[in-house]
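Asker: test case, fold it:
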Amino acid sequence: QVQLVESGGGLVQSGGSLRLSCAASGRTFTNYAMGWFRQAPGKERENVARINCRSTAYYADSVKGRFTISTENARNTVYLQMNNLKPEDTAIYYCAGRTTCESAFSDSGYPYWGQGTQVTVSS
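Answerer: Residues are numbered from 1 along each chain as shown. Model prediction:
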């Protein structure tokens with residue numbers, strides 16, 4: 001059984017930074033892809049960033065240039081560095097994993113999910 005546990009959320013002022021972490025346990029993640037999603041109140045869950053097993057990353061236009069996704073294989077951990085945060089980034093952020101090399105844009109492509117971590121950006 002795979003478990004994903006996020007950490008690093010919190011309250012930050014507009015323009016500030018946060019780094020989210022997602023630690024995977026239960027199996028060794030080889031040849032896998034990971035994604036970060038977010039869901040704001042009253043909105044659908046959206047893909048923010050994703051990375052495949054070759055460390056090729058993709059970003060939503062709304063976060064491009066501000067967010068960076070990365071992995072640390074030795075620790076089975078994926079990170080989301082968020083800089084220049086804006087109030088519209090406020091949401092619950094989820095990490096997701098799949099045991100294929102290529103990442104998926106849709107949340108339906110990921111069988112493994114963390115519990116979510118709240119990010120609140122004040123103006």
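Asker: show me what contacts the residue nearest the centre of the chain?
Answerer: For the chain, Trp36 is the residue whose C-alpha lies nearest the centre (Cα atoms, centre = their mean; 2.3 Å). Residues near Trp36 by Cβ atoms under 8 Å, 6 or more residues apart in numbering: 20, 22, 47-50, 67, 69, 78, 80, 93-96. Any C-beta I mention is one placed from the backbone N, CA and C, and that applies to glycine too.
Asker: can you lay out the residues you listed as TSV showing pLDDT?
Answerer: Formatted as TSV, those follow (pLDDT from 0 to 100):
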residue	pLDDT
Leu20	98
Cys22	96
Asn47	97
Val48	98
Ala49	98
Arg50	97
Phe67	98
Ile69	97
Val78	95
Leu80	98
Tyr93	98
Tyr94	98
Cys95	97
Ala96	96
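Asker: could you list the low-pLDDT ranges of this protein?
Answerer: For the chain, the stretches with pLDDT under 70 are 28-29.
Asker: just the strands in it please.
Answerer: 3-7, 10-13, 18-25, 33-39, 46-51, 57-59, 67-72, 77-82, 91-98, 112-113, 117-122 (DSSP state E).
Asker: now do the last one: everything it contacts.
Answerer: Right, strand 117-122. Contacts of strand 117-122 (Cβ under 8 Å, 6+ apart): 6-14, 16, 18, 20, 38, 82, 85-94.
Asker: hang on, the earlier thing: now the strands of the chain in JSON lines, with distance to Ser106?
Answerer: Formatted as JSON lines, the strands of the chain follow (distance: least, Cβ to Cβ, whole Å):
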{"stretch": "strand 3-7", "distance to Ser106": "17"}
{"stretch": "strand 10-13", "distance to Ser106": "28"}
{"stretch": "strand 18-25", "distance to Ser106": "18"}
{"stretch": "strand 33-39", "distance to Ser106": "10"}
{"stretch": "strand 46-51", "distance to Ser106": "7"}
{"stretch": "strand 57-59", "distance to Ser106": "13"}
{"stretch": "strand 67-72", "distance to Ser106": "17"}
{"stretch": "strand 77-82", "distance to Ser106": "18"}
{"stretch": "strand 91-98", "distance to Ser106": "10"}
{"stretch": "strand 112-113", "distance to Ser106": "13"}
{"stretch": "strand 117-122", "distance to Ser106": "21"}
